[in-house]
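1. sequence and predicted structure, then a few things I'm wondering about:
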Amino acid sequence: QKEVEQDPGPLSVPEGAIVSLNCTYSNSAFQYFMWYRQYSRKGPELLMYTYSSGNKEDGRFTAQVDKSSKYISLFIRDSQPSDSATYLCAMSVAGRRALTFGSGTRLQVQP
Amino acid sequence: SQTIHQWPATLVQPVGSPLSLECTVEGTSNPNLYWYRQAAGRGLQLLFYSVGIGQISSEVPQNLSASRPQDRQFILSSKKLLLSDSGFYLCAWSRDRAEAFFGQGTRLTVV
């Protein structure tokens, strides 16, 4: 079993829709949670970072962490064609040097 | 502000040839540095990380090696490339918090 599971998609939505992207994890020691956006043939770009359960909002993006269920989500409101990309969740244990990534979900926002 | 430079962007190399990919970070000192590899449609696999000059940790036994000759320089090398070394190579850095910041990647094709 992978430590981090993420549905690969593709997920296709119309412009303006609310998008929900999710990851589940098995390692209860994970304390830090991130979402990255990756455009084709580019490096991942950090979108959201959180280290506690609950919600964190930044513009159209909301990150949600539920440690009791080992489940994290990223919500995108008023989705735009420019949001079309692969979204990667990542997480780490305190003291571990590197991140454990999900395999990414490919999102397509149709104009 | 911090920036990370990675080059070249694309590379086509014959089997058995050597490899050298370079990564430099500006605007910070004593960063943690990482090399990841991303296969098509897959998540990121950590290859090497470094917490200081000359300090390299390998996560996956393979045909590759890494070196850190200067504080903000990280190099990925191979003496003889294999077909299986093809992929998208990403350099990243981090400091006090868990999140990492990525370069734009090098797409390596071994032919």
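-> Received it, and whenever you're ready, just let me know what you need.
2. name the element the residue most central in space within chain B belongs to?
-> The centre of chain B sits closest to B:Trp35, judged by Cα atoms, centre = their mean, with a distance of 3.2 Å. Element membership of B:Trp35, judged by DSSP states H and E, is strand B:32-38.
3. what's across from the residue nearest to the centre of chain B in the sheet?
-> Applying DSSP bridges to B:Trp35 yields these beta-bridge partners: B:Phe48, B:Cys91.
4. was I right to think it contacts B:Ser77?
-> No: under the criterion of Cβ atoms under 8 Å, B:Trp35 makes no contact with B:Ser77, lying 10.3 Å away. For the C-beta atoms, the positions are set from N, CA and C on the backbone; glycine is no exception.
5. tell me the bridge partners for A:Ser25.
-> No Ser there; residue A:25 is Tyr. Legend: beta-bridge partners of A:Tyr25 under DSSP bridges are A:Val4.
6. what pLDDT is listed against it?
-> Confidence at A:Tyr25, expressed as pLDDT, is 96.
7. ok, now which ones touch the residue nearest to A:Phe101 when sequence neighbours are not counted?
-> By the measure of Cβ to Cβ, 6 or more residues apart in numbering or on different chains, the closest residue to A:Phe101 outside its immediate chain neighbours is B:Gly43, 4.0 Å from it. Under the criterion of Cβ atoms under 8 Å, 6 or more residues apart in numbering or on different chains, the neighbours of B:Gly43 are A:4, A:6, A:88, A:101-104.
8. pull out the buried positions in stretch A:58-72.
-> Residues of stretch A:58-72 classed as buried under the neighbour-count rule (16 or more other Cβ atoms under 10 Å in any protein chain shown) are A:61-65, A:70, A:72.
9. before we move on, what about stretch A:91-107?
-> By neighbour count on 16+ other Cβ under 10 Å, the buried set for stretch A:91-107 is A:91-93, A:97-107.
10. so which one among those has the lowest pLDDT?
-> Lowest pLDDT within the buried residues of stretch A:91-107 is found at A:Arg97 (69).
11. averaged pLDDT, stretch B:78-85. What do you get?
-> Stretch B:78-85 shows an average pLDDT of 94 in the prediction.
12. B:Asp96: how many residues sit nearby?
-> B:Asp96 sits with 5 neighbouring residues when counted by other Cβ atoms under 10 Å in any protein chain shown.
13. now it. Its backbone dihedrals?
-> When quoted as degrees, to the nearest 10, the phi and psi of B:Asp96 stand at phi -80, psi -30.
14. which residues does it contact?
-> When contacts are counted by Cβ under 8 Å, 6+ apart, B:Asp96 is found next to no other residue.
15. what residues does chain A have near chain B?
-> Contact residues of chain A with respect to chain B, defined by Cβ under 8 Å from any Cβ of the partner chain, are listed as A:4, A:6, A:8, A:31-32, A:34, A:36, A:41-46, A:49, A:51, A:88, A:90, A:92, A:97-99, A:101-104.
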